[in-house]
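Chemist: sequence first, predicted model second:
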Amino acid sequence: MTDLHSSPAALARAKGTLYLQFRLNQQRFALDVREVIEVLPRRPLKPIAQAPAWVAGILAHRGVLVPVVDLSALSFAQPAAERTSTRLVLVRYRREQVLGLILEQATETLRCMPDEFQPYGLDNGEAPYLGPVRQDAQGLLQRIEVDDLLPDSVRELLFPHAPGQVTP
């Protein structure tokens, strides 16, 4: 029975967390929508010299320069496919920064309890952003941990003046 005096936020928590689903190399992944700022169509980017190949470039968006990472290129060394469902998703990175992610088939959401995602027992030292997995009728769905996406050297390149960054 629903308490008529419950807040909308409390009711939403009781139903679980909302996730944006997408695909990389035909595998399913999810982002917590609380980390998502905006979902945009794919846009032209300015390349960044000397950046890793998976750093797609810089986007000028609403007066802010936003670095963009191609998550497919980062994870599987293959750039995201040029599809109408490929999106540029702006996310909160380490609470203070905006980071763009190129994601394929980022068109659906899922609401579930966060504890439905379980550790899967592999050491992802080279890919710490690959979080726990959830199994459902469509197979495995893996959560992406946004704050763990960038290695220190790339974070320093993309966010040189971020709070807590050590400058030489």
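Modeler: That came through fine.
Chemist: what stretches of the protein score poorly on pLDDT?
Modeler: Low-confidence regions of the chain, defined by pLDDT under 70, span residues 1-14, 123, 163-168.
Chemist: what ranges do the helices span in it?
Modeler: 8-15, 71-76, 152-158 (DSSP state H).
Chemist: how much space separates L140 from L130?
Modeler: 12 Å (Cβ to Cβ, to the nearest Å). Bear in mind the C-beta positions are built from the backbone N, C-alpha and C, glycine included.
Chemist: could you check which of those two has the larger neighbour count?
Modeler: L130 (17 against 12; other Cβ atoms under 10 Å).
Chemist: so that one is in contact with Q142, correct?
Modeler: Yes. Counting by Cβ atoms under 8 Å, L130 does reach Q142; the two are 6.1 Å apart.
Chemist: check contacts around L158.
Modeler: 48, 51, 55, 67, 99, 150 (Cβ atoms under 8 Å, 6 or more residues apart in numbering).
Chemist: for the last one, give me the backbone phi and psi.
Modeler: Spelled out, it's L150. In terms of degrees, to the nearest 10, the main-chain angles of L150 are phi -100, psi 130.
Chemist: can you check which strand is longest in the protein?
Modeler: strand 97-112 (DSSP state E).
Chemist: list the buried residues for that one?
Modeler: By neighbour count on 16 or more other Cβ atoms under 10 Å, the buried set for strand 97-112 is 97-107, 110, 112.
Chemist: then stretch 116-132?
Modeler: Those would be 116-117, 129-131, for stretch 116-132 by 16+ other Cβ under 10 Å.
Chemist: do the same with stretch 140-150
Modeler: 141-146, 149-150.
Chemist: which of the residues you listed sits closest to Q27?
Modeler: Using Cβ to Cβ, Q142 comes nearest to Q27 of the buried residues of stretch 140-150, at 7.2 Å.
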